[in-house]
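J.: Next comes the sequence, and after it the predicted model I'd like to discuss.
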Amino acid sequence: MARGAAGWLTALALAATACLAPPPPVAEPPAVTAGAGGSAAQPPVAVTVRADSLERAARELTVRVRASGCGGVATGSGFAIAGRALVTNRHVVANASDIQVNTWDGRSLNAAVSRVAYDTDLALVVVDGELPLAGTLAPGDARPGGQVMVAGFPRGGQQIVAEGNILDYVVGANLGNSTKVMRLSTTVQPGSSGGPVIDQRGEVAGIVYAIELASHRALAIPASSVRSLLREELTAPPALAC
Amino acid sequence: MDHLSQAVDTRNTRGAWTGEGAGPVKARKRLATARSPRGDIARAKHRAAGRPSRAPREFVVAALVVLALAGVSTTASTYRAGVAWRDRANTEIIRTQEFAARLSDAQTRLAAATQDLSKAHGQLAAATSQLQRSEGDVIQLERRIQALGTEKARAEDEREAARDDRDRLAKVASLAMRAGQDIDICVSRLSKWLESRPLPFAATQQGQWAAWASSGDSVAAACGNAYVPNDRLKTVLNGNG
């Protein structure tokens, strides 16, 4: 009997506790934004440079350089570094009395040597018109194994953009260059001298200046040397030998 | 008698409350027992025990009071909770109605937005198709421009080469003319010098021979000058000039 009464009392207490519990707090309704638009703060979109965009950029910033002088007419390549300035090899414009630049879209611009590097095969050339696209030098030298594109006008013909990668860096003393030299897996021909080496970010990682005779692979001067050329004081262009 | 009736009433009351042994038969039996001598003995024992029978009554009364208070409290609290739940229910009903209105509004907007979206999808597909065609056209045009640019550059190369050849030929012609003139002067002076030589057997005219020989120095100088443009001409023709 006593147990039954205690059970009833316990049940009554529990029921009273449940009834006496205050109602739970009312949840605020979710905010409904007007219209069907998305949220204002959108996640950042990762920008990737497509290969065809890189190739197009390579085509547009590469120019064809024609140097007329004592030895006749010679052609090479170069790339725009500013709206009216380009970088090419010193040997492309050496002994040239007349320099002309052809852009990818068929324009011809008169040019003149602004400065040359004494210890590397580099020259800075200014033109009398706007170049289509100016390239950006890579902040540092690219790592070996990285994929690159090499643009140029082999034998003065149609522009070629070839893909390859950086093999390694070697000492340039035996390769006609005082600084280190970038070896590429891409094969090039005469006329490609001065062409840019473009990395996957679309920046200029180097400039082709020679062919490795054993393998016909391209040798390039790294971007750090090009940067030092741009920092050098003005130097007179080389005197004509004829 | 008073005691008896009191005892009977009390027992009946307790029996009725507890529900134990209540009823006329049992009451008569208890009355008979109370009237018997054995009942007197029981009453005496009961009196000797003092007043212990009052304790359960007080406990019962206290329990009843506590239960009454608890009931009242529970009732009040339940009433209060019920009022709160009713308010809550009213609030929720109002909110539900608001939500229903907003939901209806959102569904209307969603339907309109879906329609706009599908329309935009169609426009995007058309624009994408057009863009792809345009991109294809642009790429073809770019290639054509590049090819024409290359042809133009090569033509300019040939023009430059022709201009270079022209300049070189002009230089060669100029040097050749200069060399020819100098050689002509040399030959003319040499011829005159030879014609002006003295007679071979004029032994007495030794002074004339010496004068003639000395006049040959100018001829040699003139002919020596003719070598300069000639050498330059050779240099240019060899492609080194």
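T.: Sure, I can see it.

J.: do you know how far residue B:171 is from chain A?
T.: According to CB to the nearest CB, to the nearest Å, residue B:171 stands 11 Å off from chain A. To be clear about C-beta, it is placed using only N, CA and C from the backbone, and glycine gets the same treatment.

J.: Per-residue pLDDT of residue 28, please?
T.: With no chain named, the answer covers chain A. The model reports residue A:28 with a pLDDT of 49.

J.: Actually, chain B is the one I wanted.
T.: The model reports residue B:28 with a pLDDT of 52.

J.: In three-state terms, label the residue nearest to residue A:62 when sequence neighbours are not counted for me.
T.: Nearest non-adjacent residue to residue A:62, counting by CB to CB, 6 or more residues apart in numbering or on different chains: residue A:151, 4.1 Å away. Here residue A:151 is recorded as strand under DSSP: H, G, I helix; E, B strand; the rest coil.

J.: Nearest to the spatial middle of chain A, which residue is it?
T.: Nearest to the mean C-alpha position of chain A, by CA atoms, centre = their mean, lies residue A:203 at 1.5 Å.

J.: where's residue B:88 relative to chain A, distance?
T.: As for residue B:88, its distance to chain A is 4 Å (criterion: CB to the nearest CB).

J.: now that residue: how far from residue B:236?
T.: To residue B:236, residue B:88 is 110 Å away according to CB to CB, to the nearest Å.

J.: Residue A:202 - that's part of a strand, no?
T.: No - counting by three-state DSSP, residue A:202 is not part of a strand but coil.

J.: My guess is it contacts residue A:136. True?
T.: Yes - counting by CB atoms under 8 Å, residue A:202 does reach residue A:136; the two are 7.5 Å apart.

J.: who's in contact with the closest residue to the residue nearest to the centre of chain A other than its chain neighbours?
T.: Spatially, and ignoring its direct neighbours in sequence, residue A:203 is nearest to residue A:138 (4.1 Å; CB to CB, 6+ apart). Neighbouring residues of residue A:138 by CB atoms under 8 Å, 6 or more residues apart in numbering or on different chains: A:199, A:201, A:203, A:204, A:205, A:223.

J.: Now rank these by neighbours and give me the top one.
T.: Among the contacts of residue A:138, residue A:205 has the most neighbours (other CB atoms under 10 Å in any protein chain shown), with 28 neighbours.

J.: For it, list the residues it contacts.
T.: So residue A:205 contacts A:138, A:141-142, A:146, A:148, A:166, A:182, A:197-199, A:220, A:222-223 (CB under 8 Å, 6+ apart).

J.: quick one, phi/psi of it?
T.: phi -100, psi -10 (degrees, to the nearest 10).

J.: Let me know the distance separating it from residue A:193.
T.: Noted for residue A:205: a distance of 16 Å to residue A:193, by CB to CB.

J.: How about residue A:135?
T.: Residue A:135 is 17 Å from residue A:193, by CB to CB.

J.: So the two - more neighbours on which side?
T.: Neighbours around residue A:135 and residue A:193, counted as other CB under 10 Å, are more numerous at residue A:193. The numbers are 28 against 22.

J.: what about stretch A:102-113, average pLDDT?
T.: pLDDT averaged over stretch A:102-113 gives 92.

J.: Return the set of buried residues in that stretch.
T.: For stretch A:102-113, a neighbour-count test (16 or more other CB atoms under 10 Å in any protein chain shown) marks A:102, A:103, A:104, A:107, A:108, A:109, A:111, A:113 as buried.

J.: Quick one: name the residues of chain B near chain A.
T.: Counting by CB under 8 Å from any CB of the partner chain, the positions of chain B adjacent to chain A are B:74, B:77-78, B:80-82, B:84-85, B:88, B:91-92, B:95, B:98-99, B:102, B:106, B:109-110, B:112-113, B:116-117, B:145-150, B:152-154, B:156-157, B:160-161, B:163-164, B:241.

J.: out of those, which are buried?
T.: Here, 16+ other CB under 10 Å leaves B:74, B:81, B:106, B:146, B:149, B:150, B:153, B:154, B:156, B:157, B:160, B:164 buried among those.
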